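Novice: Kindly generate the corresponding structure for this input.
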Amino acid sequence: MRVIRDLRSFPRAPHPVVTIGNFDGQHVGHQALLAEVVEISRRHQGTPMVLTFDPHPAKVLSPGIALQYLTSQEEKFDFFERLGITELIILEFTKQLASVTPQEFAGTILRDGLGVREVVVGENFVFGSRRSGNIQKLAQLGVASNFQVHPVPPVHVEGAIVSSTRIRQLLQAGKVKEAAACLGRPYCLSEQVIHGEHRGEKIGWPTGNLRLAPDRVVPADGIYATMAHIQGEWMPSISYIGRRPTFVEGERLLEVHLFDQCRSLYGQRMHVSFIDYIRGDQQFVNVDELLRQMDRDAIHARRVLDVWNKDLAQHSRLTAFHSTSCS
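Specialist: Predicted coordinates for the structure are as follows:
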C-alpha cells in the first residue's frame with residue numbers, strides 16, 4: 001500500500017474509488033465501507049483508496065480535548081492494507097482545511113486532486129466547513145464533478161449502530177466481549193514489557209507488565225480473560241488492569257500472566273487481546289485472600305478461553321483472528 005501525504009505528488013490512478021474518514025478502530029461499519037470500495041474497484045479494474053486526515057480533526061477544532069484512540073497509526077495502516085486498499089491519502093488537517101466548503105472539497109480535493117470516479121461513504125456522512133455538507137449534497141456535487149456516490153447503510157450489532165464512540169464506551173465499562181462484536185475482533189493493546197516490582201513472581205503469579213499509553217482507550221480496571229501474543233505465539237492468559245489496591249497503589253498498568261508458561265518477557269513487545277471480563281478490581285484484606293481469589297479467577301478465565309478457542313476453530317476464523325488483531 002502506498003501512503004501519500006501531498007496531493008501535488010499524487011499520480012493519476014486508474015478509476016479511483018475512495019472512501020473518506022478517520023477510521024479509528026476499523027470496526028465492522030468501517031469494514032463494510034472498505035469492502036464496498038474494494039468490490040467496486042474490482043468491477044472497474046480501478047484503484048481502491050482511503051482519504052483520511054492527520055492530526056485528528058478534533059485536535060484542531062477542539063484543542064483542549066484529550067483524545068484516546070482505539071488503534072495506533074501502525075495498526076490502522078496494516079488493517080487498510082490487509083483489506084485490500086492500495087492507496088492511502090493522508091491530508092494534514094488544518095484550520096484552513098476545516099474552512100473548505102463542500103463545493104471546494106468536492107471540486108478541489110476529490111475531482112482535481114484525486115480524480116475520483118466513485119465515492120463510498122456512510123449514509124450519515126458529513127463534510128465541509130461546519131459539517132455543512134451531507135450525502136445528498138455530495139451526490140449533487142458528484143454529478144458536476146463526474147463522480148458517483150455510493151451510500152452504505154450503518155451496521156447494527158445488538159440493535160444499535162456500530163460507531164467508534166459506542167466501542168469506546170463499551171470498553172471503558174469493561175464490556176470487552178460486546179466491543180469485540182462491534183469491532184469484528186477482540187480489542188487489543190500492544191506495548192513493551194517493562195520491569196515492575198516483581199510482586200507477582202514472589203507470590204507465584206509472574207506477570208508481564210505493560211505501561212498504558214495515555215492516548216489509547218483502555219478497558220475498565222479489573223480482571224480479564226485474554227490472549228497474549230509474544231515471541232511469535234498466541235497464548236492463553238489472564239490480565240489485570242489497575243493500581244493494585246491490595247498493596248500500595250501505584251501506576252495504572254496492564255499485568256499479564258501467561259498460563260502454563262515460564263519465560264523471560266522483559267523488553268519484548270506483547271500484544272494483548274481482551275476476550276471477556278472476569279470481575280472488577282478489588283482490595284483484599286491480605287495476600288492469602290488475594291491468592292484464593294486469583295485461583296478462582298484463573299479457573300474462570302481458562303474456561304472462557306477454552307470455549308472461545310473451540311468456537312474460533314469451529315468457525316474457521318483462527319487465521320482471520322491472527323491477521324486482524326494487533327500486529
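Novice: Sketch out the low-pLDDT regions of the stretch 201-327 of the chain for me.
Specialist: Applying pLDDT under 70 to the predicted model, the residue ranges of the stretch 201-327 of the chain that meet it are 201-202, 248, 313-327.
Novice: Can you show me the strands along it?
Specialist: Along the stretch 201-327 of the chain, counting by DSSP state E, counting those that start in this stretch, strands occupy 208-211, 222-230, 233-242, 253-258, 269-280.
Novice: Which other helices and strands does the fourth one contact?
Specialist: Put plainly, it is strand 253-258. If contacts are counted by 3 or more C-beta pairs under 8 Å, 6 or more residues apart in numbering; DSSP states H and E, strand 253-258 sits against strand 208-211, strand 222-230, strand 233-242, strand 269-280. Every residue, glycine included, has its C-beta placed from N, CA and C.
Novice: In CSV: those strands, plus distance to G21.
Specialist: Conversion of the helices and strands packed on strand 253-258 to CSV gives the following (distance: least, C-beta to C-beta, whole Å):
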stretch, distance to G21
strand 208-211, 29
strand 222-230, 28
strand 233-242, 29
strand 269-280, 24
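Novice: could those strands go into CSV alongside distance to L51 and mean neighbour count?
Specialist: As requested, the helices and strands packed on strand 253-258 are arranged in CSV below (distance: least, C-beta to C-beta, whole Å; neighbours: other C-beta atoms under 10 Å):
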stretch, distance to L51, mean neighbour count
strand 208-211, 33, 22
strand 222-230, 31, 24
strand 233-242, 34, 20
strand 269-280, 28, 20
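Novice: now the strands for the stretch 51-200 of the chain?
Specialist: 87-92, 118-122, 126-127, 133-134, 148-152, 156-157, 160-161, 187-194.
Novice: Just want the most central residue of the chain.
Specialist: In the chain, the C-alpha closest to the average C-alpha coordinate belongs to G25, at a distance of 2.7 Å (C-alpha atoms, centre = their mean).
Novice: That one and I167, how far apart?
Specialist: Look at G25 and I167: by C-beta to C-beta, to the nearest Å, they are 6 Å apart.
Novice: Show me this structure divided up by domain.
Specialist: By the record's domain assignment, the chain is partitioned as 2-154, 186-324 (automatic domain parsing).
Novice: Just the C-alphas of stretch 21-31, formatted as PDB.
Specialist: Listed in PDB are the C-alpha atoms of stretch 21-31, where the atom choice follows Å, rounded to 0.1, in the frame of the first residue of the first chain:
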ATOM      1  CA  GLY A  21     -13.000   9.300   7.200                       C
ATOM      2  CA  ASN A  22     -10.800   8.800  10.300                       C
ATOM      3  CA  PHE A  23     -11.500   5.100  10.700                       C
ATOM      4  CA  ASP A  24     -10.400   4.700  14.300                       C
ATOM      5  CA  GLY A  25     -10.900   1.100  15.300                       C
ATOM      6  CA  GLN A  26     -11.700  -0.200  11.800                       C
ATOM      7  CA  HIS A  27     -14.900  -1.700  13.200                       C
ATOM      8  CA  VAL A  28     -17.500  -3.700  11.300                       C
ATOM      9  CA  GLY A  29     -19.000  -0.500   9.900                       C
ATOM     10  CA  HIS A  30     -15.700   0.700   8.600                       C
ATOM     11  CA  GLN A  31     -15.100  -2.800   7.200                       C
END
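Novice: Was I right to think I135 contacts V121?
Specialist: Yes: applying C-beta atoms under 8 Å, one finds I135 in contact with V121, separated by 6.3 Å.
Novice: Between these two, point out the one with more neighbours.
Specialist: Between I135 and V121, counting by other C-beta atoms under 10 Å, V121 is the more crowded of the two (22 against 19).
Novice: Look up which residues are beta-bridged to that one.
Specialist: Going by DSSP bridges, V121 is paired in beta bridges with P151.
Novice: swap in D54?
Specialist: Going by DSSP bridges, D54 is paired in beta bridges with E92.
Novice: just checking, it touches I89?
Specialist: No: using C-beta under 8 Å, D54 is not in contact with I89, being 10.7 Å away.
Novice: Now do the helices in this protein.
Specialist: 28-44, 57-61, 73-82, 95-98, 102-104, 135-145, 164-172, 176-183, 199-202, 287-314, 318-324 (DSSP state H).
Novice: Please name whichever of those helices is nearest to F274.
Specialist: Closest of the helices of the chain to F274 is helix 176-183, at 3.9 Å (criterion: C-beta to C-beta).
Novice: Check what contacts the closest one and list those residues.
Specialist: Counting by C-beta atoms under 8 Å, 6 or more residues apart in numbering, the neighbours of helix 176-183 from elsewhere in the structure are 25-28, 70, 157-158, 162, 166-167, 170-171, 186-187, 219, 224, 274-277.
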